[in-house]
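**Q** turn this into a structure:
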Amino acid sequence: LLNEAALVAARNDRREIAMIDIDEAADRVVMGPERRSRVINEREKRVTAFHEAGHALAAYLLEHADPVHKVSIVPRGMAGGYTKQVPTEDRNYLSRSYLKDRLASALGGRAAEQVVFNEITSGAKSDIEMVTKLARSMVTDYGMSDKLGPLAFGKRDELVFLGREIGEQRNYSDEVAKQIDEEVRAIIDRAYDRALEVLTTHRDKLVALAERLVAEETVDSDEFEKMFSDLPPKEDLHGTPSIVGPGQPIPEPKPQPA
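**A** From the prediction side, this is the model:
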């Protein structure tokens, strides 16, 4: 990270690494370099702006979601824009409440498209892949399904050194497989409904943030917080402060491209 930050500083004729260089380096490492040469028509630019605004606003309004560090519609790597969320502290255990809010904020981009344009695009492809994988893990690995209970489903096969692919051996019946699919769908449907609810309720804030992105392309955390300073803190919005409880450790999330 610091090697990349040093290169960024050198490209900008600076002899010392500044915080702005580290921030840019982090984006390059995680998302890839900016692609400002990519031609985007005005329609797609607005769709991207509302998509990323949906991610960011949902994360801001949902009690357990990580804070928003930056929102941008500048293309990086394969992504047309991105919303970076950074945890305020290291976590070894992630609560079910946190994971539910993570699903809802990840679906905020798709929900924003539906709320504003009454249409959806393929821009949520990576979001949908992530929430599907996470929701299935909640059911089959973390025992977070009320219907199926604290059970693990599927035996992992990790004998890679023998030339075998990492896979899963199904150790449950077709009926249980159907129940797993139903629970995964139910978890994702509830998360999407939550995203639709908060974005519909605060549609004016969604529009304001999207218009800001269209005009300036990037909104950092300080500017983002100022835009929503009239809204109450998360604990006032939802009644109780965010609490992370014990659970099965999983890797911390990377910023998700749109």
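
**Q** now do the buried residues in the longest helix along the chain.
**A** When the chain is parsed with DSSP state H, its longest helix is helix 174-201. Neighbour-count burial for helix 174-201, counted by 16 or more other CB atoms under 10 Å, picks out 179-180, 183-184, 187-188, 191-192, 194-196, 198-199. Using the backbone N, CA and C atoms, a C-beta is placed for each residue, glycine as well.

**Q** what's the answer for stretch 137-151, then?
**A** In stretch 137-151, counting by 16+ other CB under 10 Å, buried: 138-140, 142-145, 148.

**Q** any idea where the helices of the stretch 151-258 of the chain begin and end?
**A** 174-201, 203-216, 221-227, 234-238 (DSSP state H, counting those that start in this stretch).

**Q** rank the ones you listed by pLDDT, which is bottom?
**A** Among the helices of the stretch 151-258 of the chain, helix 234-238 has the lowest mean pLDDT, at a mean of 48.

**Q** thought residue 123 was touching residue 47?
**A** Yes: assessed by CB atoms under 8 Å, residue 123 is found in contact with residue 47 at 6.8 Å.

**Q** low-confidence ranges, the stretch 51-200 of the chain, go.
**A** By pLDDT under 70, the weakly predicted segments of the stretch 51-200 of the chain are 156-169.

**Q** could you pull out the strands in it for me?
**A** Along the stretch 51-200 of the chain, the stretches classed as strands by DSSP state E, counting those that start in this stretch are 68-72, 82-85, 155-157, 167-169.

**Q** quick check, distance from the first one to the centre of its chain.
**A** In terms of CA atoms, centre = their mean, to the nearest Å, the gap separating the centre of strand 68-72 from the centre of its chain is 11 Å.

**Q** tell me which of the helices of the stretch 151-258 of the chain lies nearest to residue 55.
**A** helix 174-201 (9.2 Å; CB to CB).

**Q** show me what the closest one is packed against.
**A** Applying 3 or more CB pairs under 8 Å, 6 or more residues apart in numbering; DSSP states H and E, one finds that helix 174-201 makes contact with helix 42-61, helix 96-106, helix 108-117, helix 125-140.

**Q** now these in JSON lines, with distance to residue 211?
**A** As requested, these are exported to JSON lines (distance: least, CB to CB, whole Å):
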{"stretch": "helix 42-61", "distance to residue 211": "8"}
{"stretch": "helix 96-106", "distance to residue 211": "21"}
{"stretch": "helix 108-117", "distance to residue 211": "11"}
{"stretch": "helix 125-140", "distance to residue 211": "22"}
